[in-house]
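Chemist: With the sequence up front, the predicted model follows.
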Amino acid sequence: MWHNIWYALLGLFLAGYLALDGITLGTGVIGRWLARDDAERHTVAAATGPFFLGNEVWLVAAAGITLGGFPGLESGVISGMYPVIVCAVAALLVREAAIQFRRRVSGEGARRCWDALAGFASVALALMWGLLGGALLGAVPVTDGHLPVDAGVLLRPVTVLSALTAVAVFALHAAVFLAVRAEGDVGWRAARLARRVAPGAAGLAALTAAAAVADGTVRDGLRNPLPAALLFLAAVAALLLAPRLTASARPWAPVVSALAALAPVPLIGAAHFPQAVVSSAGPAEHLSVAEAAADPTTLAVVGPVVLLVLPVLLAFQAMQWWAHRAKADERSPAYF
């Protein structure tokens, strides 16, 4: 029982990270089109700054659950995806440094350089998460619980399309968020950009799905295709609906776009369950959730602690968002 609870918690933290930090990622992707002078860049920083570090707590928690609760995933996934994970961590660190340092330098040129570096790192990080999701959507060559590094897994059409889709979805998510959170021209420009990006993001998602259907290896990895298809359709609907809500029901628009941003996590989980990793080498090599999990005694001892910490984290996040619910403009305090 505990391994399923931990697996659900892992999915919750990963989905929470994509939904929350996806805003910051997307802001880095579209920032140069939204903010045309230093005052507007200040508005964007003020809109996203209060949530920046808090959003990454979800990723840290997911990494902790993976390493402590599912040691089998370390050899079954992380080892083979090591190049992607290293690039993702590097992009994450570069983005952190760029965002932190941009306000600590004088001169318009220096700030533009840091902004450009943050944007490049955001695009790279979004691509890495998309590559990872696209690779894990199908069957991977796991043998004896170990996934070797295989460039072919990362360069399949469905994987590349998944990476491009991730960039577009995060860009849309950030545009919808800023349309709600930012005042003035930035908010208006973000709403217009969201309406323009939505068809492209939905189209890329559809191409990714078509490539998945055409790829036999990916089809073999879909143990439960019906729930995966339903979650995909819900994500596409959220992509198309969110920009419309920026005008008619503003507070709910980022919630809807967040559903699209986090959709890969429940989609992959539902498509594979009760397997954690589906092997292209045959059913005997599949890695189930129970097999990937740590010793049941360990999970039973640590599990209640995690369940006690989770409400505290959720309460802190809710308080943070409530405290910073007002719209941001060039006069608002910017943390970065």
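Modeler: That came through, no problem. Just so we're clear, the structure is a prediction, and the values are computed from it rather than from any experiment.

Chemist: For stretch 78-96, which outside residues touch it?
Modeler: Stretch 78-96 has contacts (C-beta atoms under 8 Å, 6 or more residues apart in numbering) with 28, 66, 117-118, 120-122, 124-125, 128-129, 131-132, 135-136, 140-142, 146-150, 153-154. C-beta coordinates here come from the backbone N, C-alpha and C atoms, glycine included.

Chemist: Any of these buried? List them.
Modeler: The neighbour count (16 or more other C-beta atoms under 10 Å) marks 28, 66, 117-118, 120-122, 124-125, 128-129, 131-132, 135-136, 140-142, 147, 153-154 as buried among the contacts of stretch 78-96.

Chemist: Quick check: which ranges of the protein have low pLDDT?
Modeler: Scanning the chain for pLDDT under 70 picks out 1, 75-76, 145, 149-150, 248-250, 329, 333-336.

Chemist: Which residue ranges of it form strands?
Modeler: 275-277, 287-288 (DSSP state E).

Chemist: Export the ones you listed to TSV and append columns for mean neighbour count and distance to Arg181.
Modeler: Converted to TSV, the strands of the chain look like this (neighbours: other C-beta atoms under 10 Å; distance: least, C-beta to C-beta, whole Å):
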stretch	mean neighbour count	distance to Arg181
strand 275-277	23	37
strand 287-288	20	41
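
Chemist: Switch the ones you listed over to TSV; also include distance to Ala201.
Modeler: Shown next, in TSV, are the strands of the chain (distance: least, C-beta to C-beta, whole Å):
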stretch	distance to Ala201
strand 275-277	28
strand 287-288	32
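
Chemist: which stretch among the ones you listed comes nearest Val265?
Modeler: strand 275-277 (12.9 Å; C-beta to C-beta).

Chemist: mind checking which of the strands of the chain is nearest Ala15?
Modeler: Nearest of the strands of the chain to Ala15, taken as C-beta to C-beta: strand 275-277 at 16.0 Å.

Chemist: Around Val77, count how many other residues there are.
Modeler: Residues lying near Val77 (other C-beta atoms under 10 Å) number 23.

Chemist: quick one, what contacts it?
Modeler: Val77 makes contact with Leu136, Val140, Leu147, Val277, according to C-beta under 8 Å, 6+ apart.

Chemist: Just give the number of residues close to the residue nearest to Ala126 when sequence neighbours are not counted.
Modeler: Distances taken as C-beta to C-beta, 6 or more residues apart in numbering place Val167 nearest to Ala126, at 4.6 Å, with adjacent residues excluded. Per other C-beta under 10 Å, the neighbour tally for Val167 reads 22.

Chemist: and Val167, how far is that from Pro157?
Modeler: Separation of Val167 from Pro157 (C-beta to C-beta, to the nearest Å) stands at 16 Å.

Chemist: ditto for Leu310
Modeler: Distance, Leu310 to Pro157, by C-beta to C-beta: 38 Å.

Chemist: returning to that earlier point: tell me who's in contact with the residue nearest to Ala126.
Modeler: Val29, Val123, Ala126, Leu127, Gly130 are the contacts of Val167 under C-beta under 8 Å, 6+ apart.

Chemist: One more: Thr27?
Modeler: Contacts for Thr27 (C-beta under 8 Å, 6+ apart) come out as Val44, Thr48, Ser122, Ala174, Phe177, Leu178.

Chemist: any idea how far the residue nearest to Glu285 when sequence neighbours are not counted is from Phe177?
Modeler: Beyond its immediate neighbours in the sequence, the residue positioned closest to Glu285 (C-beta to C-beta, 6+ apart) is Ser279, lying 3.6 Å away. Separation of Ser279 from Phe177 (C-beta to C-beta) stands at 38 Å.

Chemist: neighbour count winner among those two?
Modeler: Remark: of Ser279 and Phe177, Phe177 carries more neighbours, 27 against 22, as counted by other C-beta under 10 Å.

Chemist: ok, the more buried one - contacts?
Modeler: Neighbouring residues of Phe177 by C-beta under 8 Å, 6+ apart: Ile23, Gly26, Thr27, Ala47, Thr48, Ala190, Ala253, Pro254, Ser257.

Chemist: of those, closest to Arg103?
Modeler: Checking the contacts of Phe177 against Arg103 with C-beta to C-beta, the nearest one is Thr48 at 13.3 Å.
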